[in-house]
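here is my input; please provide its structure:
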Amino acid sequence: MKFRSVSDPVTATPPGVTPPKRFSMRVAEWLLDSPRLGENLNVKHFAGRLLKQPAREGVVAAQSRLGQLMCRECGNARDRRIGHDLLRQAARAGDRRALRELGLLED
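Sure, this is the predicted structure:
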């Protein structure tokens with residue numbers, strides 16, 4: 001049986017339409033905020049992996065959440081240092097959660 005191939009213009013995403021980039025961030029926040037799931041170390045690790053790319057792209061909320069996660073949950077100094085750097089970047093952008101975590105903002 002022979003299959004016809006579909007031409008590129010039909011399957012390609014139009015240049016004006018961009019796929020949602022923050023879906024992984026929403027899933028990660030949902031996992032971390034979930035009472036039962038948020039305590040599991042494997043879930044935290046998975047959420048951190050989901051937050052990694054948006055944080056690299058400069059999404060302030062992702063930088064803040066990943067920074068908190070790395071500072072609180074990681075055992076080695078390198079990861080804690082990276083977490084503090086992410087928190088500082090988010091704090092410079094005005095994220096209240098990052099400012100509170102760094103102790104620069106009082107409730």
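
C-alpha from now on. contacts and neighbour counts both.
OK.

what residues does the host helix or strand of residue 53 touch?
Following DSSP states H and E, one finds residue 53 within helix 41-56. By Cα atoms under 8 Å, 6 or more residues apart in numbering, the residues outside helix 41-56 that reach it are 21-22, 24-25, 27-29, 31-32, 37-38, 61-63, 65-66, 69, 86.

ChimeraX command to pick out the buried ones of those?
A single ChimeraX command selects the buried members of the contacts of helix 41-56 (16 or more other Cα atoms under 10 Å):
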select :24,25,28,29,31,32,38,61,62,63,65,66,69,86
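
now, the contacts of helix 41-56 that are in helices?
Of the contacts of helix 41-56, the ones assigned to helices by DSSP state H are 24-25, 27-29, 31-32, 61-63, 65-66, 69, 86.

export the residues you listed to a markdown table and tack on pLDDT and distance to residue 75?
As requested, these are exported to a markdown table (pLDDT from 0 to 100; distance: Cα to Cα, whole Å):
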| residue | pLDDT | distance to residue 75 |
| --- | --- | --- |
| 24 | 84 | 25 |
| 25 | 86 | 23 |
| 27 | 91 | 24 |
| 28 | 91 | 21 |
| 29 | 91 | 22 |
| 31 | 93 | 21 |
| 32 | 92 | 19 |
| 61 | 93 | 23 |
| 62 | 93 | 21 |
| 63 | 94 | 19 |
| 65 | 93 | 17 |
| 66 | 94 | 15 |
| 69 | 93 | 11 |
| 86 | 94 | 17 |
